[in-house]
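Visitor: Provided below for reference: sequence and predicted model.
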Amino acid sequence: MRVLQSPLMLTGCRSLSWTLFSLTYRRLCTRRSLSTVPSIPPSLLSASHSHGFFTSQQTSVPQHSSLQLSPTRHFSLSAHCSGPMELKEVLQVLEQLAPLSLAESWDNVGLLVEPSKSRPVKTILLTNDLTDAVMDEAEAMTCDLIISYHPPLFRPIKRLVQKDWKQKLAIRAVEARIAIFSPHTSWDSVKGGVNDWLVGGLGSGQVSVLSQALGGASQSHKLEFTVKSTEELNGVLEELKACDSESTLQHSVSRPDNNEVHVSITCSDSALTPSVQTLLRHNAPSLSLSILKLEKPPLPGHGQGRLSVLEQPVTLATAIQKVKSHLGLSHLRLALGSGQTLESSVCTVAVCAGSGASVLDGVKADLYITGEMSHHEVLDAVAKGTNVLLSEHSNSERGFLAVFREKLAVRLPDSVTVAVSKADRDPLEVV
């Protein structure tokens, strides 16, 4: 969003808090223990950073304040925990690791299949894609929850039949009472997620986000007006409250002189029109009314794609070997940029896991790394002197599963097994 009349600091926005404390504290009182329980003042409702991941919850930010992600200590379940977890509790942990609000608007993320009869989660299987082979594997290990990076259900479904392979998998999951969860672009966007893992294969460097993630704003507009008296103000505010019953009306009042009261309120998109209509019914507010649109705040470190200025530049040949080793591949596809050779220096690297052409387009870098690009997208990059490395789509993502397994396992009881699929693989191979 952009400001229409003047710059504003955000008055109502999505800020970050954590919910793990209540979950783990309740378990502490029953059958589990914590390895370390830091002192947590009630005022600490800011972001919790651990291994590059954070937690989120809707709240409001005081007027004229900026969004800040304050690091706090993270605590985990001890190695002596026992007992299974309920599905909803596992979902809470997943949300803390990578909030679904970070996913792209077009994506289909979250819990996609939920059994009608819930059962404790004892086994979780991580996979990049849910295929017949992976479902066979899940059923053989009596899996309770499949976390599939790519959503197996993406487009709207009008029927569930055996002819469609994805619908068939959903039916099998329901019959086996296996839940399916997909994080997809929330893992791409979150700090410490897929794209940070991918760019890390080239070594340390100064990393920035290519497409910045923005916080959600519960209050999106600011209305400023004046009234003649406190009595008139109270009457106007009562009417405005009725226009936005779903959210709390935020307002501030100043009296620079003895003649008028200056008022500033924030409201949601849905309340904008009735709020303006209300103010126009009053003489003083209608003559002084100004409307401003509030900007959404950036979430530093979160978003799609990464650009790294390497601390130690390498040759293109060395960069290729590093990427092969990082992804565990013996072959990559290379397009040499105009005027480039294998001995050319690589100082800057831009990456986007999966199909990253739209994110990488126009980014100035010595090397692009992504899973796939179209023929003409590669030609455009090469013409600008940028080298392109393609690994095939899922090969640029799959290696992160092992990283995520460790992050998830330390937050779950010992009785919950977290495994990475052995049947999952990219459908394309070099022959």
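Guide: Looks like it came in fine. Numbering: from 1, shown residues only.
Visitor: what about stretch 337-351, average pLDDT?
Guide: For stretch 337-351, the mean per-residue pLDDT is 98.
Visitor: same deal with stretch 155-165?
Guide: Stretch 155-165 shows a mean pLDDT of 89 in the predicted model.
Visitor: show me where the stretch 201-350 of the chain has strands.
Guide: In the stretch 201-350 of the chain, the strands defined using DSSP state E, counting those that start in this stretch lie at 205-214, 221-227, 250-254, 261-267, 290-293, 298-315, 333-335, 345-355.
Visitor: reformat these as CSV; add mean neighbour count and distance to residue 361.
Guide: No exception for glycine: its C-beta is placed from N, CA and C like everyone else's. As requested, the strands of the stretch 201-350 of the chain are exported to CSV (neighbours: other CB atoms under 10 Å; distance: least, CB to CB, whole Å):
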stretch, mean neighbour count, distance to residue 361
strand 205-214, 18, 10
strand 221-227, 21, 32
strand 250-254, 14, 39
strand 261-267, 22, 35
strand 290-293, 15, 27
strand 298-315, 19, 10
strand 333-335, 15, 15
strand 345-355, 23, 10
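Visitor: lowest average pLDDT across the ones you listed?
Guide: Per-stretch mean pLDDT for these is lowest at strand 250-254 (a mean of 78).
Visitor: direction included, what does that one pair against?
Guide: Paired with strand 250-254 in the same sheet, following DSSP bridges, are strand 261-267 (antiparallel).
Visitor: these two touch, right, residue 202 and residue 321?
Guide: No. With contact defined as CB atoms under 8 Å, residue 202 does not reach residue 321; the gap is 10.7 Å.
Visitor: just give me the neighbour total for the nearest residue to residue 335 once chain neighbours are set aside.
Guide: Beyond its immediate neighbours in the sequence, the residue positioned closest to residue 335 (CB to CB, 6 or more residues apart in numbering) is residue 388, lying 4.1 Å away. Taking other CB atoms under 10 Å as the criterion, the count of residues near residue 388 is 22.
Visitor: A helix includes residue 388, no?
Guide: No. Using DSSP: H, G, I helix; E, B strand; the rest coil, the secondary structure at residue 388 is strand, not a helix.
Visitor: still on that earlier bit, what's the closest of the strands of the stretch 201-350 of the chain to residue 187?
Guide: Closest of the strands of the stretch 201-350 of the chain to residue 187 is strand 345-355, at 8.7 Å (criterion: CB to CB).
Visitor: re earlier: more neighbours: which of residue 202 and residue 321?
Guide: Looking at residue 202 and residue 321 with other CB under 10 Å, you find the greater number of neighbours at residue 202, namely 23 against 13.
Visitor: and the more buried one, how far from residue 350?
Guide: Residue 202 sits 11 Å away from residue 350 when distances are taken as CB to CB, to the nearest Å.
Visitor: so what sits against both of these two?
Guide: Shared contacts of residue 202 and residue 350, defined by CB atoms under 8 Å, 6 or more residues apart in numbering, comprise 308, 369.
Visitor: can you mark which positions in the helix or strand in which residue 173 is found are buried?
Guide: Assigned by DSSP states H and E, residue 173 belongs to helix 165-175. Buried residues in helix 165-175, defined by neighbour count with 16 or more other CB atoms under 10 Å: 167, 169, 170, 172, 173, 174.
Visitor: please tell me how far residue 383 sits from residue 369.
Guide: As it turns out, when the distance is counted by CB to CB, residue 383 lies 18 Å from residue 369.
Visitor: these two: who's more crowded?
Guide: In this view residue 383 and residue 369 are compared by other CB under 10 Å, and residue 369 has more residues nearby, 30 against 10.
Visitor: residue 206 pairs with what?
Guide: Taking DSSP bridges as the rule, residue 206 bridges to residue 309.
Visitor: got a list of what it touches?
Guide: Residues 308, 309, 311 are the ones in contact with residue 206 under the rule CB under 8 Å, 6+ apart.
Visitor: distance of the spatially most central residue of the chain from residue 187?
Guide: With distances taken as CA atoms, centre = their mean, the residue of the chain nearest its centroid is residue 102 (2.5 Å). When CB to CB is the yardstick, residue 102 and residue 187 sit 9 Å from each other.
Visitor: which SS state does the residue nearest to residue 133 when sequence neighbours are not counted fall under?
Guide: For residue 133, the nearest residue in space outside its immediate sequence neighbours is residue 423; the separation is 4.0 Å by CB to CB, 6+ apart. The three-state label given to residue 423 by three-state DSSP is coil.
Visitor: could you measure from residue 423 over to residue 130?
Guide: Plainly put, residue 423 is 10 Å away from residue 130 if you go by CB to CB.
Visitor: which one's more surrounded, those two?
Guide: residue 130 (29 against 16).
Visitor: that one reaches residue 149, doesn't it?
Guide: No. With contacts counted by CB under 8 Å, residue 130 stays clear of residue 149, the gap being 9.2 Å.
Visitor: now residue 178: how far from residue 356?
Guide: As defined by CB to CB, residue 178 lies at a distance of 31 Å from residue 356.
Visitor: quick one: which of these two has more around it?
Guide: Per other CB under 10 Å, whichever of residue 178 and residue 356 has more neighbours is residue 356, with 28 against 22.
Visitor: direction-wise, compare whichever helix in the chain runs longest with strand 221-227 and give the angle.
Guide: Determined from DSSP state H, the single longest helix within the chain is helix 230-243. Using axes from the mean of the first three to the mean of the last three CA atoms, to 10 degrees, the direction of helix 230-243 lies 150 degrees away from that of strand 221-227.
Visitor: buried stuff in helix 230-243?
Guide: The neighbour-count check on helix 230-243 (16+ other CB under 10 Å) flags 232, 233, 236, 240, 243 as buried.
Visitor: by contact count, what packs against it?
Guide: Contact analysis of helix 230-243 by 3 or more CB pairs under 8 Å, 6 or more residues apart in numbering; DSSP states H and E lists strand 261-267, helix 269-280 as its packing neighbours.
Visitor: who's in contact with the closest residue to residue 159 other than its chain neighbours?
Guide: The shortest distance from residue 159 to any non-neighbouring residue, by CB to CB, 6+ apart, is to residue 167 (7.5 Å). Shown in contact with residue 167 (CB under 8 Å, 6+ apart): 157, 159, 160, 161.
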